[in-house]
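*Asks:* Kindly return the folded structure for what I paste below:
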Amino acid sequence: MSIRRKRDRIELLQGTLDLLILRTLQIGPAHGHAIAKAIERESDQVLLVEQGSLYPALHRLIKRDWITFKDGTSENNRRAKYYRLTAKGRRQLRVESTQWERMAAAIARVLRQTEQEGR
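*Replies:* The predicted model follows:
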């Protein structure tokens, strides 16, 4: 997953995509393309989820038993796997969200301190 503009491409922290997938599936089951589009839409088109990142992440989450899937048919009549959160995945989403918020707050404190020192 990356920031949309190629010249400004930034790799996101390890595990960020997992958290975003879990959060997206909290709303309800979705197929891979819908998950990617939901993340892009909810980030105001800032985050681009590439297939090369999405599907390995989905497989990783299945292995951890955080999500499961069921075969189905997409809106355009194509075969698709519909992914959904498991109970273990819901618990992990709470853990990951709390950790993310703590990390973001810590980074913000460091950045504020750096700005104050630069004045």
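*Asks:* same for the helix or strand His33 falls within, what does it pack against?
*Replies:* Per DSSP states H and E, His33 falls inside helix 32-42. For helix 32-42, the packing partners by 3 or more CB pairs under 8 Å, 6 or more residues apart in numbering; DSSP states H and E come out as helix 16-26, strand 47-48, helix 51-63, strand 79-85. The C-beta positions use only the backbone N, C-alpha and C, and glycine is treated the same way.
*Asks:* for those, which one sits closest to Arg94?
*Replies:* Comparing the helices and strands packed on helix 32-42 by their distance to Arg94 (CB to CB), the top pick is helix 16-26, with 9.6 Å.
*Asks:* can you pull the alpha-carbon coordinates of the closest one into CSV?
*Replies:* Extracted in CSV, the C-alpha atoms of helix 16-26 (Å, rounded to 0.1, in the frame of the first residue of the first chain):
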residue,chain,number,x,y,z
THR,A,16,-1.0,-0.7,8.8
LEU,A,17,-2.7,-2.5,5.9
ASP,A,18,-3.8,-5.3,8.2
LEU,A,19,-5.4,-2.8,10.5
LEU,A,20,-7.2,-1.0,7.6
ILE,A,21,-8.5,-4.3,6.3
LEU,A,22,-9.8,-5.4,9.7
ARG,A,23,-11.5,-2.0,10.1
THR,A,24,-13.1,-2.2,6.7
LEU,A,25,-14.4,-5.6,7.4
GLN,A,26,-15.9,-4.5,10.7
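*Asks:* any low-confidence regions in the protein?
*Replies:* Counting by pLDDT under 70, the chain shows low-confidence ranges at 1-14, 115, 118-119.
*Asks:* Where is the longest helix in it?
*Replies:* For the chain, the helix that runs over the most residues, judged by DSSP state H, is helix 87-117.
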